[in-house]
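# one predicted model, sequence on top.
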Amino acid sequence: AFNSAVTVSITDAVSYDGYVGRNTKNQPNEKWRVQFKKSGSVVWSSNWTGDVPDLVTQGYWRGALGSATLPNGTDQIFIQHWRVANDCNSPNSVVPTSVCISYSTCDNATNGGTIAADQTGCVASGGSFDPAPFTNVTLPSGGSGTLEYIWIMSTTNCPPATFNGNMWTTIPGANSPTYDPGPITQTTCYRRCARRSGCTDYDAESNIVTVTVNTIPSASISGPSAICIGQSATFTASGGGTYAWSTGANTTSITVSPASTTTYTVTVTGTNGCTKTATKTVTVNPLPDPAISGNSTICIGQSTTLTASGGGTYLWSTGATTTAITVSPSTTTTYTVTVTNNKGCTASVSQTVTVNPLPNATASAAPTVICIGQSSTVTASGGGTYLWSTGATTAAITIAPASTTTYTVTVTSAGGCTKTASATVTVNPLPTVT
């Protein structure tokens with residue numbers, strides 16, 4: 001019996017069959033293999049030999065039957081015929097002429113040690129993440145001899161719930177206790193496997209290290225790029241699971257009313273924990289400075305022209321869109337103009353036109369009929385000031401016309417409105433004395 005694990009190789013085996021008359025018969029499956037047992041249980045079966053050629057007087061086959069690492073305590077070697085292994089009554093006439101078995105002892109490692117560490121990277125769509133090199137925490141242990149390493153990787157069901165060798169791929173050139181994987185584009189698991197020199201199998205396996213590659217969210221902000229001072233703007237973020245604004249808000253949308261041009265930033269966090277920021281600048285444009293010029297007081301029946309300024313376009317409460325309007329209100333009226341500048345911002349201004357009534361002007365003469373050489377007094381009323389056709393500015397005038405005459409007075413009210421009135425003085429001639 002072997003007193004330690006051992007690696008065996010059957011490098012050469014010869015089969016022979018020379019029974020009389022075999023040159024006229026077909027005898028299938030003339031093959032055999034070598035079995036190793038420990039305490040009566042098979043621990044390894046070699047490959048089958050090839051089938052000895054039929055229809056020849058003497059048949060031969062020669063070749064290798066493989067290799068394996070046998071456990072400590074392996075104590076028996078058997079030749080097993082194919083027919084016996086497949087429940088036939090007896091072996092056929094093929095016999096092993098020679099079997100060459102070489103072996104080397106193997107005291108393999110039993111503990112794979114520990115490597116570090118799990119990592120997570122966030123990358124843009126289609127990008128790659130370069131993880132830090134994996135370090136050795138504890139070396140493999142158990143057995144004796146020089147440690148030899150391979151590294152394996154898997155991108156299937158990573159990390160796998162159970163170890164399945166079909167999920168793993170050996171990494172070429174990775175033969176050290178540490179490993180730098182370089183940039184990767186998807187979540188990948190890594191494991192270090194070790195054996196002792198002279199052993200065939202890498203039995204000592206470390207823990208599994210997982211490098212998780214997550215996609216950065218696609219952060220964006222929608223909303224207006226410009227507003228007028230005094231207005232508000234609503235910005236809506238998208239692309240993530242949670243949001244953190246530079247204003248301190250954590251909602252998807254924010255409504256702001258900046259007094260000057262301002263840039264807002266949102267940090268978007270995806271469900272995988274990756275973050276990305278987006279910014280939005282809102283330009284705050286000034287309002288126009290509107291004004292209305294024109295006479296604000298008129299008398300009933302008069303008109304006035306109101307002229308707006310301070311904008312690019314104008315819209316009056318009358319519906320007019322010209323810079324100036326001419327109005328003739330019958331009562332005191334307020335006119336409003338909305339001024340829009342070249343940024344689209346608007347402001348309004350109003351002008352009240354006060355309409356004053358005309359004075360109730362009257363003129364009367366006493367007496368209305370005189371004789372030539374006599375005088376009459378004409379009196380005006382209804383105003384604040386008076387202007388007679390004679391040039392007088394008194395409320396009453398005394399006149400002595402030589403002929404019938406009409407006298408006109410212009411009466412001006414306290415509001416500056418005027419109205420005229422007239423009175424006629426009839427002059428009769430004197431009688432002729434004879």
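Sure thing, it's come through.

# find the least confident helix or strand in this structure, judged by mean pLDDT.
helix 82-85 (a mean of 81; mean pLDDT, DSSP states H and E).

# just the CA coordinates for it, please, in CSV.
C-alpha atoms of helix 82-85 as CSV (Å, rounded to 0.1, in the frame of the first residue of the first chain):
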residue,chain,number,x,y,z
TRP,A,82,-14.2,-5.2,-20.7
ARG,A,83,-16.5,-8.3,-20.9
VAL,A,84,-16.3,-8.8,-17.1
ALA,A,85,-17.1,-5.1,-16.5
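
# list the buried residues of the helix or strand harbouring Ile370.
Assigned by DSSP states H and E, Ile370 falls within strand 369-371. Residues of strand 369-371 classed as buried: Ile370 (neighbour count, 16 or more other Cβ atoms under 10 Å). C-beta coordinates here come from the backbone N, C-alpha and C atoms, glycine included.

# neighbouring strands - and their directions - for it?
Strand 369-371 pairs in its sheet with strand 418-428 (parallel), by DSSP bridges.

# quick one: contacts of the strand it pairs with?
With Cβ atoms under 8 Å, 6 or more residues apart in numbering as the test, strand 418-428 has contacts from 299, 358-365, 368-372, 376, 378, 380, 382-383, 399, 401-412.

# average pLDDT across stretch 276-286?
If you average the pLDDT over stretch 276-286, you get 97.

# make that stretch 314-334, sorry
Mean pLDDT, stretch 314-334: 97.

# contact partners of it?
With Cβ under 8 Å, 6+ apart, stretch 314-334 has contacts from 294, 298, 300-309, 313, 335-340, 350-355.

# inside strands: which ones of the residues you listed?
Among those, the members found in strands (DSSP state E) are 298, 304-309, 313, 335-340, 350-355.

# buried subset of the residues you listed?
Among the ones in strands among the contacts of stretch 314-334, those classed as buried by 16+ other Cβ under 10 Å are 298, 304, 306-309, 335-340, 351, 353, 355.

# name the nearest of these relative to Ser206.
Lowest distance from Ser206 to these (Cβ to Cβ) belongs to Thr340, with 73.7 Å.

# surely the closest one touches Gly311?
Yes: contact criterion Cβ atoms under 8 Å: Thr340 and Gly311 qualify, at 5.5 Å.

# joint contacts of those two?
Taking Cβ under 8 Å, 6+ apart as the criterion, Thr340 and Gly311 both touch Pro288.

# OK, contacts around Pro288?
Counting by Cβ under 8 Å, 6+ apart, the residues that Pro288 touches are Gly310, Gly311, Gly312, Val339, Thr340, Asn341, Cys345, Thr346, Ala347.

# from Glu148, how far out is it?
Distance, Pro288 to Glu148, by Cβ to Cβ, to the nearest Å: 84 Å.

# Gly241 too?
For Gly241, the distance to Glu148 - Cβ to Cβ - is 46 Å.

# mind listing what's buried in stretch 209-227?
Of the residues in stretch 209-227, those with enough neighbours to count as buried (16+ other Cβ under 10 Å) are Val209, Thr210, Val211, Thr212, Val213, Asn214, Ile216, Pro217, Ala219, Ile221, Gly223, Ile227.

# let's see which of those residues end up in strands.
Counting by DSSP E, the part of the buried residues of stretch 209-227 found in strands is Val209, Thr210, Val211, Thr212, Val213, Asn214, Ile221, Ile227.

# export those residues as CSV, with columns for pLDDT.
CSV is the format used below for these (pLDDT from 0 to 100):
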residue, pLDDT
Val209, 96
Thr210, 95
Val211, 96
Thr212, 94
Val213, 95
Asn214, 95
Ile221, 97
Ile227, 98
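
# nearest to Trp44 among those residues?
Nearest to Trp44 among those is Val209, at 32.4 Å by Cβ to Cβ.

# with adjacent residues omitted, what lies nearest to that closest one?
Tyr190 (4.8 Å; Cβ to Cβ, 6 or more residues apart in numbering).

# for that neighbour, give me phi and psi.
The phi/psi pair for Tyr190 (degrees, to the nearest 10) reads phi -130, psi 150.

# for the chain, give me the ranges with low pLDDT.
Scanning the chain for pLDDT under 70 picks out 87, 89-90, 161-165.

# let's have the buried residues of stretch 209-227 in JSON lines, adding distance to Arg33.
Formatted as JSON lines, the buried residues of stretch 209-227 follow (distance: Cβ to Cβ, whole Å):
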{"residue": "Val209", "distance to Arg33": "40"}
{"residue": "Thr210", "distance to Arg33": "42"}
{"residue": "Val211", "distance to Arg33": "44"}
{"residue": "Thr212", "distance to Arg33": "47"}
{"residue": "Val213", "distance to Arg33": "47"}
{"residue": "Asn214", "distance to Arg33": "51"}
{"residue": "Ile216", "distance to Arg33": "58"}
{"residue": "Pro217", "distance to Arg33": "60"}
{"residue": "Ala219", "distance to Arg33": "65"}
{"residue": "Ile221", "distance to Arg33": "73"}
{"residue": "Gly223", "distance to Arg33": "78"}
{"residue": "Ile227", "distance to Arg33": "87"}
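
# and the spatially closest residue to Trp168 that is not a sequence neighbour, what are its bridge partners?
Spatial nearest neighbour of Trp168, chain neighbours left out: Ile152 (4.3 Å); criterion: Cβ to Cβ, 6+ apart. In this entry, Ile152 is beta-bridged to Thr170, Arg191, by DSSP bridges.

# Ile152 contacts Arg191, doesn't it?
Yes: if you go by Cβ under 8 Å, Ile152 and Arg191 touch, sitting 5.2 Å apart.

# between those two, which contacts overlap?
Common neighbours of Ile152 and Arg191, using Cβ under 8 Å, 6+ apart, are Trp168.

# given the host helix or strand of Ile325, what are its sheet partners and their directions?
Using DSSP H and E, Ile325 falls within strand 324-327. Applying DSSP bridges to the sheet, strand 324-327 is found paired with strand 304-309 (antiparallel).
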